[in-house]
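>>> need a structure here:
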Amino acid sequence: MTIRSRRETITFKHPFHIRGIERELPAGAYEVVTDEEMIEGLSFASYRRVATMITVPAEGVRGAVEMLSIGSVDLADAQRIDASAND
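Just a heads-up that it's a prediction; the model follows:
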């Protein structure tokens, strides 16, 4: 089984919530890591998402970060809400 990881930086303009994370996260740039596995047996390369994680400030420890598993749909919802929020 072949696994690949894709990293991207996502910026939120406003404080936000993501389902599964109990606290509000501050506005700013966040690294998101998506792991995908190759679907075997096809005549072309195709991958399916198996995990999505976001790096967030650790609670109670200044300067520390933690990587939390989130749903890709929950991340998309948070991005949509942030984009539609008034400045």
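
>>> Quick one, grab the pLDDT at residue 87.
Predicted confidence (pLDDT) for residue 87: 62.

>>> Revised request: answer the last question for residue 44.
pLDDT, residue 44: 87.

>>> Now do the most far-flung residue of the chain relative to its centre against residue 70, distance only.
Distance from the centre of the chain peaks at residue 43, with 30.1 Å (C-alpha atoms, centre = their mean). Distance, residue 43 to residue 70, by C-beta to C-beta, to the nearest Å: 33 Å. For every residue, glycine as well, the C-beta is placed using N, CA and C.

>>> Repeat that for residue 24.
15 Å.

>>> Neighbour count: the two, which is higher?
residue 70 (19 against 9; other C-beta atoms under 10 Å).

>>> quick one: contacts for residue 53?
Going by C-beta atoms under 8 Å, 6 or more residues apart in numbering, residue 53 touches 32-35, 67-70.

>>> top of those residues by neighbour count?
residue 70 (19 neighbours).

>>> before we move on, the earlier item: could you dump the contacts of residue 53 to JSON lines with pLDDT, secondary structure and distance to residue 55?
Formatted as JSON lines, the contacts of residue 53 follow (pLDDT from 0 to 100; DSSP: H, G, I helix; E, B strand; the rest coil; distance: C-beta to C-beta, whole Å):
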{"residue": "32", "pLDDT": "97", "secondary structure": "strand", "distance to residue 55": "8"}
{"residue": "33", "pLDDT": "97", "secondary structure": "strand", "distance to residue 55": "8"}
{"residue": "34", "pLDDT": "95", "secondary structure": "strand", "distance to residue 55": "13"}
{"residue": "35", "pLDDT": "95", "secondary structure": "strand", "distance to residue 55": "14"}
{"residue": "67", "pLDDT": "96", "secondary structure": "strand", "distance to residue 55": "5"}
{"residue": "68", "pLDDT": "96", "secondary structure": "strand", "distance to residue 55": "8"}
{"residue": "69", "pLDDT": "96", "secondary structure": "strand", "distance to residue 55": "11"}
{"residue": "70", "pLDDT": "97", "secondary structure": "strand", "distance to residue 55": "11"}
